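J.: compute the structure for the input listed below.
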Amino acid sequence: MWSDGPQTETPCTGRSELFFPKASQEPDAPSKAERRAIEVCAGCPARDWCLERDLVESSTADRIIGVRGGLREADRRALHRQRYGKRPAKRAGVTW
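T.: Have a look, this model is predicted:
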């Protein structure tokens, strides 16, 4: 079970639009908009928590979008695949 996260306001509070920029078409270079979001994450005390929660809660790498935990979409998708491989998507109402 996850904690509620940071108990203080974080640099991203109230700025969610900043974290869903158009993804870069360059595999190794973030877009200008992605760089702005990454800069906001850089000094955030919740950065590691945010990244870890996103990776664990994303059922597949394809569901990862935007910038979170200081990493852009492409980087988090690669990290997710490295960590979990290809795992099946969660299905609503299905218990295993």
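
J.: spatially central residue in the protein, please.
T.: Centroid-nearest residue in the chain: R68, 3.3 Å away (criterion: Cα atoms, centre = their mean).

J.: measure R72 to E26 for me?
T.: Distance, R72 to E26, by Cβ to Cβ, to the nearest Å: 11 Å. The way it works is simple: take the backbone N, C-alpha and C, and place the C-beta from them, glycine included.

J.: of these two, who's got more company?
T.: Using other Cβ atoms under 10 Å, the more surrounded residue of R72 and E26 is R72, with 23 against 9.

J.: now the more buried one, nearest residue through space, not along the chain?
T.: In space, and not counting its chain neighbours, R72 is closest to E34: 4.7 Å by Cβ to Cβ, 6 or more residues apart in numbering.

J.: same thing with R68?
T.: In space, and not counting its chain neighbours, R68 is closest to D54: 4.6 Å by Cβ to Cβ, 6+ apart.

J.: and that neighbour, how many neighbours?
T.: D54 has 19 neighbours, counted by other Cβ under 10 Å.

J.: sorry, back to before: list the contacts of the strand or helix carrying the residue nearest to R72.
T.: Per DSSP states H and E: E34 is located in helix 32-42. Contacts with helix 32-42, where a contact means Cβ atoms under 8 Å, 6 or more residues apart in numbering, come from 11-12, 15, 18-19, 21-24, 30, 47, 50, 66-72.

J.: centre of the chain to that helix, how far?
T.: Offset of helix 32-42 from its chain centre (Cα atoms, centre = their mean, to the nearest Å): 12 Å.

J.: got the buried residues for it?
T.: By 16 or more other Cβ atoms under 10 Å, the buried positions in helix 32-42 come out as 33-34, 37-38, 40-41.

J.: what's the closest of those to D62?
T.: Set against D62, the nearest of the buried residues of helix 32-42 by Cβ to Cβ is E34 (18.2 Å).

J.: just for the protein, where's the confidence low?
T.: Per-residue confidence for the chain (pLDDT under 70) gives these ranges: 1-7, 87-96.
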